[in-house]
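1. Here is a sequence together with a model predicted from it:
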Amino acid sequence: MSIDKDTVKRVARLARLSVTEEEAESLKGELNSILNWVEMLNEVDVDGVAPMTSVVTQEMKKRDDVVTDGNYANLVVSNAPASEENYFMVPKVIE
Amino acid sequence: MTDLTSLTIAEAREGLAKKEFTATELTTSYIKAIDGADQLNAYVTKTPEKALEMAKASDERLAKGEARPLEGIPLGIKDLYCTKGVGAYACSHILDGFKPEYESTVSQNLWDDGAVMLGKLAMDEFAMGSTTETSYFGPVKNPWRAEGETIDRVPGGSSGGSAAAVAARICAGATASDTGGSIRQPAAFTGTVGIKPTYGRCSRWGMIAFASSLDQAGPIARTVRDAAIMLKSMASVDPKDTTSVDLPVPDYEAALTGNVKGMRIGIPKEYRVDGMPEEVEANWQQGIDWLKAAGAEIVDISLPMTKYALPAYYIVAPAEASSNLARYDGVKYGLRVNGNDIVDMYEKTRAAGFGSEVKRRILIGTYVLSAGYYDAYYLRAQKIRSLIKQDFDKAFQTVDTILTPATPSAAFELNKEITDPVEMYLNDIFTVTVNMAGLPGISVPSGKNGQGLPMGLQLIGKAFDEETLFRTAGVLEEAAGILEAPAKWW
Amino acid sequence: MAEASSKLIKGATGDWEVVIGMEIHAQVASEAKLFSGSSTKFGGEANAHVSFVDAAMPGMLPVINEECVRQAIRTGLGLKAKINNRSLFDRKNYFYPDLPQGYQISQYKDPIVGEGEVVLYMLDGEEVRIGVERLHLEQDAGKSMHDQHPTMSFVDLNRSGVALMEIVSKPDIRSSEEAKAYMTKMRTIVRYLGTSDGNMEEGSMRADVNVSVRRPGDPLGTRCELKNMNSIRFIGQAIEYEARRQIGILEDGGSIDQETRLYDPKKGETRSMRSKEEAHDYRYFPDPDLLPLEFDDAYVEELRKDLPELPDDKRDRFISDLGLKPYDASVLVASKRLAAFFEKVATGRDAQLAANWVINEWLGRINKESLDIDQSPVSADQLGAIIDLIKAGDISGKIAKDLFEIVWTEGGDPAKIVEEKGMKQVTDTGAIEAIIDEIIAKNPDQVEKVKEKPSLIGWFVGQVMKASQGKANPQAVNQILKDKLGL
Ligand SMILES: [Mg+2]
Ligand SMILES: [Zn+2]
């Protein structure tokens, strides 16, 4: 299976990465090289094998329903490229 | 007085306890050494004021006889760890200017044990790479050079800054992290000891994520003992990390008994890969001989899924990364490149902020998770992961630990043109299986190759049996002899 | 089948059937968020109820709130649904400024709750069963505000990470009435269980409504999703409009585009949300930061044991034990507090009479004045006392209504009021006879007529009641009149 340039661009769009035509072209080659290589996984018989969903085998830790965090809006936005009155600011979103 | 930077953590700990020197003196020696080693480019952020402040506090503690396990020991921290008030960029442009308001659990554990922070160490961008050349802040140079050569070599990666800094004696020890070999491979390239503990042993809280199911913190140190001291401190049970395992942290130093008599060491035949350099093969055999001589029993084993681990890894890791790195969107922190609208802003920010290797992996990861491909790629890879784990489970029914080479070669030259990404990925061929199965692995120096470059062997252990790894690694270290520092050329 | 055909919509070219499925998002009643320790409180300063986890700072990790798990299971039990002892959390990946992680932690393939059922008791007495496909836990998103600045949107993450239960119905709903009843019933259930406050105004309960139309018996048509409906009334209006819109297009030979639409209540129309919406590809995969969510049957049984009586069970009990009319029982169980109020009034009294009074007088008045049940000026004891006075024959039904009005506006002990204001019925036959004699004497024409047409006795009764200011006992009046008029 190999992917074409349009697929590269579609995937880049999904990943929110702008790519130029040239980048898409060279990425096509690199991605195909990787995808061709991983094809070898098709040799493995995985019938009836459960996928690994967690590396750790223990009951999932849970937290109590207690408010222990928050109330530091200034710290939440302290690294923001743009903020006003503790809101994050982004280019206007049109719905 | 000897150069204080030549002391191991264990030695420095003793010297401080005996008041042969102060933490401030020790720290000052390191600050000087760091400033003289800018050529290596191992540090991306230096924090000398903070270091001296912490050293002063340590001296007060030492004076009062209240020393903690790492009191006054100057350490470097991989840039992957969030450190309160000190930049944490994962060596990516996308985290431009980011100063976390919180401290990672692992680094906090070290400070709570009295360690001193020298600064932040370079790495491959978001830990994606095997050379530390993908760092936004430029490549790190391996302090080791081939005998009679002046050619710069890579320190390995992604924890190349950590490994280079430890090897060059510009920190006593360093934190690192390992997703597919990022502790063990650079340790092997720089003649240092690196351990990736069992997944879940160290908290991932505050460690910038690459691939969540594979990432694990660990130390790089000069000796097995130092690595044991550091891991004891770094490891903890953390309620803030669901995948942190609820087991007490053992005293790893106590495991260094030097006795491997009767221990069963597995030698997996599948690690004898095609085209493996003879020196790697010979080094491996040397390790086998050392352990045999120490009274261990050598057992041939088979790990049939070995060859599938790397391609499966290059599905799982990019898939998780593509999602983990979605938060870098120019909204909450880091770089923003303005655009016509929100989508344009996202696309421009991420295109400018991520380097080419990161982009490549985001795209692969996005592709393998996308509609219609999930089952063929991601699900299949996770099933293969189960099979890899089963291989190890079976092997560990008959052996106590497994010995393999750490890397398929010694450190190679910097700026090696590699056009096919797969070629670069093969660096992780011996280490990645361990991450896929969530097991602990340690890389220990095992002599030098014909060019005078360090080589390393890897020991793989049962889950949460780091003690056996330390014990066995200690025996290998003893047999190989602790490596002298690389000749200073920088 | 008579009921079914009545739900069909008449088009120009014949009948159409509307097919509706709903995805309800209900905020879990909890103090802290689903995966962090920050507060779920509504409102607050911008980003005040936000932790570094909610803001998706690098290296932050989710840890699940056990209470949210408990509430999801309890809700599942309330929906008579299958509880899954093992479920997984997945990441749903997409970019949006109010989604700080770049993904929503949700449950995709393996939800915590599987198939269940909700029964609707419709006004006409029909019972409609709506299948529940699943219930899963997920994170809410933050809020973007687009009207604060000429070129920028403002993002507040206070809601980011709040626990939601998404309850997905099967496409079993066949009319706007059923859709409204389903939403109402779901709100009743979560409120009974206390698993969500069901407050639609604050957005803690909202629905995405999938609407399609087809010819009866045909396969499913293409659906449109009406997003984020947060009023039951608007759900009804939006479905009516949307079904008509789709029928119009199809009857004109067009076809329906699958799309997301928004209902504009001012215009009473739905409109396409994005003219050229990008195809979604959420790239779901299990969240590697979390482990599978597992619990044993004992845990579920423990929760089941502690469930309160659910509305359907209460309704059944009201019908079988108290002998209420099914419709009245349905009305009374619509809210836990209403049912409790009724039960207090009905205890030791004629339950159907109590139901009539609670529904017609008391609830009617509550609704008319838009009051909360807790704000009622008439307590259950006061209403009970009024009913007791009727039963004892002390007051007539009509006087009782006057009495209710007095108690509502002025308060007080109904029995005392009756006493003080002299509202008691006159049962003294002598007094009634005197009044009747006077009326008969004054109206000889009517006396003649009533002999021809006995039903005119009503006129006499009216006169007597008027003369007695409503206090004469109607039964006594009737009897004496009959005797005197020789009927
Ligand atoms: Mg510790
Ligand atoms: Zn949802």
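-> Yes, it's here. Ligands and ions are numbered 1, 2, ... in the order given.
2. so how many other residues sit close to C:P474?
-> Counted by other CB atoms under 10 Å in any protein chain shown, the residues lying close to C:P474 total 15. For every residue, glycine as well, the C-beta is placed using N, CA and C.
3. ok, so what distance separates it from chain B?
-> Going from C:P474 to chain B by CB to the nearest CB, to the nearest Å gives 73 Å.
4. How many residues are close by the closest residue to that residue other than its chain neighbours?
-> Closest residue to C:P474 apart from its sequence neighbours, by CB to CB, 6 or more residues apart in numbering or on different chains: C:S396 at 6.1 Å. For C:S396, the count of nearby residues is 20 (other CB under 10 Å).
5. Could you measure from the residue nearest to the spatial centre of chain A over to ligand 1?
-> Geometric centre of chain A, nearest residue: A:A15, 7.0 Å, by CA atoms, centre = their mean. Computed with CB to the ion, to the nearest Å, the distance linking A:A15 and ligand 1 is 37 Å.
6. What score does that residue have for pLDDT?
-> A:A15 is assigned a pLDDT of 97 by the prediction.
7. does the closest residue to it other than its chain neighbours count as helix, strand or coil?
-> With CB to CB, 6+ apart as the criterion, A:A15 has its nearest non-adjacent residue at 4.4 Å, and that residue is B:T366. Of the three states, B:T366 takes helix under DSSP: H, G, I helix; E, B strand; the rest coil.
8. what's the distance between B:T366 and ligand 1?
-> According to CB to the ion, B:T366 and ligand 1 sit 37 Å apart.
9. quick one: contacts for that residue?
-> Contact partners of B:T366, counting by CB atoms under 8 Å, 6 or more residues apart in numbering or on different chains, are A:V11, A:L14, A:A15, B:S322, C:R283.
10. And these, which is closest to ligand 1?
-> Set against ligand 1, the nearest of the contacts of B:T366 by CB to the ion is B:S322 (32.4 Å).
11. quick revisit: return the per-residue confidence for the residue nearest to A:A15.
-> 98.
12. picking up where we left off before, check contacts around the residue nearest to C:P474.
-> C:I390, C:Q425, C:G470, C:K471, C:N473, C:P474.
13. Now secondary structure and pLDDT too, for these, in JSON lines please.
-> As requested, the contacts of C:S396 are exported to JSON lines (DSSP: H, G, I helix; E, B strand; the rest coil; pLDDT from 0 to 100):
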{"residue": "C:I390", "secondary structure": "helix", "pLDDT": "92"}
{"residue": "C:Q425", "secondary structure": "coil", "pLDDT": "77"}
{"residue": "C:G470", "secondary structure": "coil", "pLDDT": "79"}
{"residue": "C:K471", "secondary structure": "coil", "pLDDT": "79"}
{"residue": "C:N473", "secondary structure": "coil", "pLDDT": "80"}
{"residue": "C:P474", "secondary structure": "helix", "pLDDT": "78"}
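14. which among the residues you listed end up buried?
-> The neighbour-count test (16 or more other CB atoms under 10 Å in any protein chain shown) applied to the contacts of C:S396 identifies C:I390, C:Q425, C:G470, C:K471, C:N473 as buried.
15. phi, psi of the fourth one?
-> In other words, C:K471. When read as degrees, to the nearest 10, the backbone of C:K471 gives phi -90, psi -10.
16. Might one say that it is in contact with C:D428?
-> No. C:K471 is beyond contact range of C:D428, at 10.4 Å (criterion: CB atoms under 8 Å).
17. Ligand 1 contacts on chain B?
-> Listed as neighbours of ligand 1 in chain B under the rule CB under 5 Å from the ion: B:N109, B:S233, B:S236.
18. change it to 8 Å
-> B:N109, B:D113, B:K232, B:S233, B:M234, B:A235, B:S236, B:V249 (CB under 8 Å from the ion).
19. Low-confidence stretches in the stretch 1-150 of chain B?
-> Counting by pLDDT under 70, the ranges of the stretch 1-150 of chain B that qualify are B:1-2.
20. what do you get for chain A?
-> A:1, A:95.
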